[in-house]
Structure formats: C-alpha cells, structure tokens
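Colleague: What follows is a predicted structure for the sequence shown.
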Amino acid sequence: MSTRSNKLQRLAKQFEAEPRQTELRQLKVQLATVADSVDQQVRDLMQTFDRLRVLKEVQFQPDLLRDDVDRFLASARTNTQALVRITQANESHHARVSVPLDNLTKSARALADAIRQAWELANQDEVEKTVAFIALTASYDPEAQQALQVALRRFKAVDVANGKSGVSAYCEAREALDHARKSLNIPGAVGQFLQDALHGKGSARMLGDPQVQEFLNKHPVLWTKMLVKLG
C-alpha cells in the first residue's frame, strides 16, 4: 500500500512540475528572442553612431545633432531599465517585453533618420557648390570644368554606409572635391572673392563689387555657402 502511495505521490509531483517546466521553456524562448533583438539593435546602433562620428568630422561640428542624441540616450536609458526589471522578475511575457523593445526601436530609428537627413543636407551642399563652379568654369576653362565634373561624379558614387572602407572613400572623395574647387584659377574680382570665401577669409566688402553681385545673383545658392568676414 505504501509503495503504491509513493508512486502516486511521485506522479502527482510530476504533474505539478509539468506546468512549471513548460513555463520555464517558454521563458527561455522569450528571453532568447529578447537577447537576439537587443543584439541586433546594438549592431544597428554601432553603425548609426559610426555614421554620426564621421558626419561630425566632415562637417567640423562636434555638437551636430546633439539634441537628437540626447533624446535617444534618455529613451534608451528608460527602456533598457524597464527590460532589466521585466527579465529579472521572470515576467518576460511578450506583451510586457514588446513595449520597451518597440520604444527602443522607434528612438533608434528616429536618430538614424536624423543622421540620414543631415547627410543628405551635407551632400546637397557639396553638390550645389560644385555645380555653380562647373557653370562658372564653362566660360573660360574647359579643363577645370572637366576636373570638377570628375570629382563630383566620384563624390556622388561613394556610399559611407559600406563600413570603414566606405567612410574612407567618402572622406577622400569629399576632400578631392573641395581641393578641385579651391584649385581653380578664376580670373577677376569674382575669382578672388570665391577663392577667399572658400578658404574662409572672404571679405564682405567685395560683396559690393558689381561683378561679384552679378555672379552671386546668377548662382543664388552660393549666398548661403560662402564664408565672409565683416572686418
């Protein structure tokens, strides 16, 4: 009788343990899913911050997108802490985990979008300046115009997203484009003004020169891209 009772007790314990084992297996799967998602986000973020670092360097703006980065970091801190609390409490149900994970994804995507837009503006700035110089050189120096066109095509062809090699190629192409513009030997007052402005030492007094005014009126995009000194 006692032997039968012991068997029944063991069977009862097995039946009692089965739901717990099932729950633990489900928890293991959920935690693995969370870990995979977090690992992927970390990889994406590493690429995002690499792009931001390069963008700051080529734009010479250390605080570029600072507000966007601060917003992301605040969101990441809050949602990461929420994930830690959930997993430590063994409450990794899909509904509980999905909220902070989705929030992390959204904030990371917002930062990536801000960086992408900043890249587009930076590239557009380089292209617009070069197009104006290409139009200018057409009237007096076809060889210089061709050099600018080659440099511009090279710049448009590079993709900074392709790892370190892409970043290096982008920086080299951007530097080559800048060098091609600064190497132009543009005659007259317009040429002097443009060369000085490109090197950051343009004089505001030269804006009063009729030839400079005429040129800038023909290429209004350059009004916002030339650096001049008031003194």
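Modeller: Okay, I see it. Here the structure is a predicted model, which is why all the values come from computation and not from measurement. Numbering: from 1, shown residues only.
Colleague: so the spatially most central residue of the chain is in which element?
Modeller: The centroid of the chain falls nearest to residue 115 when counting by C-alpha atoms, centre = their mean (3.3 Å). Residue 115 belongs to helix 94-137 when assigned by DSSP states H and E.
Colleague: Give the next helix or strand downstream of that helix.
Modeller: Using DSSP H and E, the helix or strand that follows helix 94-137 in sequence is helix 142-157.
Colleague: now that following helix: mean pLDDT?
Modeller: Helix 142-157 shows a mean pLDDT of 91.
Colleague: Give me the helices and strands touching the helix or strand that that helix is followed by, please.
Modeller: Downstream of helix 142-157, the next assigned helix or strand under DSSP H and E is helix 163-182. On a contact count with 3 or more C-beta pairs under 8 Å, 6 or more residues apart in numbering; DSSP states H and E, helix 163-182 meets helix 2-59, helix 94-137, helix 142-157, helix 188-198. No exception for glycine: its C-beta is placed from N, CA and C like everyone else's.
Colleague: now the next helix or strand along the chain from the shortest one, how far from the chain's geometric center?
Modeller: Going back to what we said before, that points to helix 188-198. Past helix 188-198, further along toward the C-terminus, the next helix or strand under DSSP H and E is strand 202-203. Offset of strand 202-203 from its chain centre (C-alpha atoms, centre = their mean, to the nearest Å): 33 Å.
Colleague: helix or strand right after strand 202-203?
Modeller: Using DSSP H and E, the helix or strand that follows strand 202-203 towards the C-terminus is helix 210-218.
Colleague: quick one, that next one and helix 94-137 angle?
Modeller: Orientation of helix 210-218 against helix 94-137 (axes from the mean of the first three to the mean of the last three C-alpha atoms, to 10 degrees) gives an angle of 140 degrees.
Colleague: Sort out which residues of helix 210-218 are buried, please.
Modeller: Within helix 210-218, the residues that qualify as buried are 212, 215-216, counting by 16 or more other C-beta atoms under 10 Å.
Colleague: Let me know the closest of those to residue 181.
Modeller: residue 215 (14.7 Å; C-beta to C-beta).
Colleague: Model confidence for the closest one, exactly?
Modeller: The predicted local confidence for residue 215 is 78.
Colleague: ok, for it, nearest residue in space, not its chain neighbours?
Modeller: Nearest in space to residue 215, with sequence neighbours left out and distances taken as C-beta to C-beta, 6 or more residues apart in numbering, is residue 190 at 4.7 Å.
Colleague: One more: residue 45?
Modeller: residue 108 (5.9 Å).
Colleague: Residue 46 is in contact with that neighbour, correct?
Modeller: No. Using C-beta atoms under 8 Å as the test, residue 108 is too far from residue 46 to be in contact (11.0 Å).
Colleague: who's more crowded, these two?
Modeller: Higher neighbour count among residue 108 and residue 46: residue 108, with 18 against 10, using other C-beta atoms under 10 Å.
Colleague: coming back round to it: report the contact partners of the residue nearest to residue 215.
Modeller: Taking C-beta atoms under 8 Å, 6 or more residues apart in numbering as the criterion, residue 190 is in contact with 136, 211-212, 215.
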